[in-house]
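Q: got a structure for you, letters missing:
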Ligand code: FDA
């Protein structure tokens, strides 16, 4: 129930304007979001890439007009150019959301999103780095995977995200475990109905392990996106059992979450990538992160009343 309320808040314009206008919210937003401007995100990237890898996300989703979708493409061209110019492209890639690229525009939204994603992939290729396509709610999975498939014809390094909470995901893992495939496996961050998703934490975790087994035994490059210590250990065990060297898979975590563990894994010689979101459209992302942990909500509430 809490999760449903949080996801509803992430979509509510009233809640959004309330939180965005609270100066006291800023320090907590800064924990999860690496600034509104590109310069700040690049400073964070420079710092993190000393021992870790990065994927930068220009925040934005659910774009409802063409101009915003075009502006998002421009923002990605800019960040990719800056990564190349700053010598960071070997250690930092980008993640994008198709809904920020116009997928929900009426008429030919899917086509517009594909063209925009293609333009970003071209910029990534010129910069010498890669792109991973985030996964959004379950109604968009087929369309997202179909766009990823089309992109991979010209850019075989494009990564996909699969969400272990969906009943269908074991099948998708099998489909995407071939040579060259890059798959980020996460638990899933949206409020999905029981008809399509596991709602119980133990069931989601069990599905995550089944999916990991398929990806680790496959021929692709698994990207293990979780902060869950038990699943991180299982991933390393499965990688060892599948004969994978440290360079043949990676761990991923979000900026601001378990930073000490990120450093510990990197110090052990494992590939550790941090998802670094930045930009003015931080509200929905921020609310999803708050909702993932009751302690975050309590911390936020205390900060707002100044205690
Ligand atoms: P779980 O929620 O069980 O948390 C395990 C432990 O991690 C907690 O006990 C706590 O210690 C810590 N933790 C987790 N979340 C925290 C938080 N918000 N604040 C503080 N501590 C926290 N989802 C999606 O639907 N589509 C996508 O494209 C992506 N992309 C993505 C990229 C990367 C790199 C990551 C790490 C995650 C995503 N996600 C995502 C989000 C993902 O689906 C999921 O919601 C979060 O990662 C939280 O799940 P955990 O696996 O960490 O487990």
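A: All right, it came through fine. Worth saying up front: this structure is predicted, and the values here are computed from it rather than measured. Residues are numbered from 1 along each chain as shown.
Q: Near the ligand, which residues of the stretch 201-307 of the chain? Just list them.
A: Within reach of the ligand by Cβ under 6 Å from any ligand atom, the stretch 201-307 of the chain has these residues: 225-228, 252-254, 257-258, 275, 289, 292-293, 296. (Glycine included, C-beta is placed from N, CA and C.)
Q: Of the residues you listed, keep whichever come out buried.
A: Buried members of these, counted by 16 or more other Cβ atoms under 10 Å: 225-228, 252-254, 257-258, 275, 289, 292, 296.
Q: Can you flag which of those belong to strands?
A: Under the assignment DSSP state E, these contribute 225, 252-254, 275 to strands.
Q: Which one of those residues is nearest to residue 121?
A: residue 275 (18.6 Å; Cβ to Cβ).
Q: isn't the closest one right next to residue 93, touching?
A: No. Using Cβ atoms under 8 Å, residue 275 makes no contact with residue 93, being 10.3 Å away.
Q: show me what contacts residue 54?
A: 45, 48, 88, 91-93, 273-276 (Cβ atoms under 8 Å, 6 or more residues apart in numbering).
Q: Just the closest of those residues to the ligand, please.
A: residue 275 (3.7 Å; Cβ to the nearest ligand atom).
Q: For my notes, confirm residue 270 occurs in a helix.
A: No. Counting by DSSP: H, G, I helix; E, B strand; the rest coil, residue 270 is located in no helix; its state is coil.
Q: related to what we said a few turns ago, now the two most distant members of the contacts of residue 54.
A: Largest pairwise distance in the contacts of residue 54, by Cβ to Cβ, is 15.4 Å, between 88 and 275.
Q: Now for the nearest residue to residue 10 once chain neighbours are set aside, how many residues are close by?
A: Computed as Cβ to Cβ, 6 or more residues apart in numbering, the closest residue to residue 10 that is not its neighbour in sequence is residue 287, at 3.9 Å. Using other Cβ atoms under 10 Å, residue 287 has 21 neighbouring residues.
Q: list the helices and strands the helix or strand hosting residue 287 packs on?
A: Using DSSP states H and E, residue 287 sits in helix 283-291. Using 3 or more Cβ pairs under 8 Å, 6 or more residues apart in numbering; DSSP states H and E, the elements in contact with helix 283-291 are helix 2-11, helix 13-20, helix 26-32, helix 294-304.
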